[in-house]
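S.K.: Return atomic coordinates for the entry below.
(one chain, ligands or ions: 1)
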Amino acid sequence: MRDKLRRRYQAQREVSQKGYFEGEIPLTDLVRLREMLHCEQSDPEGRKIALKFEFVRNEYDFPMLAGHLETSLELECQRCLNALEWPMTLDFSLMIDASDELVRDSSVDTLYSEDGFIDIVEVVEDELILAIPLVAMHEDTACNENWQVSEPETAIKDNPFAVLQQLKTTD
Ligand SMILES: [Zn+2]
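M.R.: So this is what the prediction gives:
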């Protein structure tokens with residue numbers, strides 16, 4: 001069954017109906033996420049998150065929300081502070097209102113409903129926030145010509161065994 005996207009879904013009812021939904025969420029709806037993006041967004045109104053998700057039961061008959069989303073965000077390059085286009089494709093699979101016991105024993109994350117309702121915009125926003133890199137940079141390391149890295153220091157810091165290896169070879 002396909003339906004137009006709404007914001008809130010009654011979890012148990014959708015699970016029993018095997019609800020399947022497809023649509024787009026405007027990026028402007030994701031207020032928390034937007035604070036983490038480059039401050040001067042190009043085309044902020046036009047950006048969307050393409051989304052499909054379904055309410056299912058897993059192999060233990062437990063209610064789940066499983067989905068797939070695609071978008072492209074504008075992050076801030078930590079080297080030059082300019083905008084950095086960051087395409088994202090994510091799959092998520094979350095148990096709905098699992099008990100503490102189940103959460104402890106399972107590797108799957110849990111989503112908690114609010115009085116039985118799930119806000120899909122919140123879910124998508126949480127997933128994207130978790131998936132955004134803490135430090136994003138352009139692939140071209142020369143994007144900021146004033147950027148300087150002192151190479152030897154980084155090499156030793158990154159690989160503590162480099163020092164040991166040096167000792168070995170002088171042996
Ligand atoms: Zn850059």
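
S.K.: drop to CA atoms for contacts and neighbour counts, all remaining ones
M.R.: OK.

S.K.: Student question: in the protein, what's the helix or strand with minimum average pLDDT?
M.R.: Ranked by mean pLDDT, DSSP states H and E, the weakest helix or strand in the chain is helix 151-158, scoring a mean of 54.

S.K.: can you tell me which helix or strand residue 81 belongs to?
M.R.: Using DSSP states H and E, residue 81 sits in no helix or strand.

S.K.: Write out the residues of this structure neighbouring the ion.
M.R.: For the chain, the residues in contact with the ion (CA under 5 Å from the ion) are 77, 79, 80, 138, 143.

S.K.: Neighbour count added to the residues you listed, as a markdown table?
M.R.: Shown next, in a markdown table, are the residues of the chain next to the ion (neighbours: other CA atoms under 10 Å):
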| residue | neighbour count |
| --- | --- |
| 77 | 20 |
| 79 | 18 |
| 80 | 17 |
| 138 | 19 |
| 143 | 15 |
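
S.K.: same for the longest helix seen in the chain, what does it pack against?
M.R.: For the chain, the longest helix by residue count, based on DSSP state H, is helix 120-131. On a contact count with 3 or more CA pairs under 8 Å, 6 or more residues apart in numbering; DSSP states H and E, helix 120-131 meets helix 31-34.

S.K.: Now do the helix it packs on: everything it contacts.
M.R.: With CA atoms under 8 Å, 6 or more residues apart in numbering as the test, helix 31-34 has contacts from 27, 28, 125, 128, 129.

S.K.: List the residues that contact the second one.
M.R.: Contacts here follow CA under 8 Å, 6+ apart; on that basis residue 28 touches 34, 44, 45, 47.
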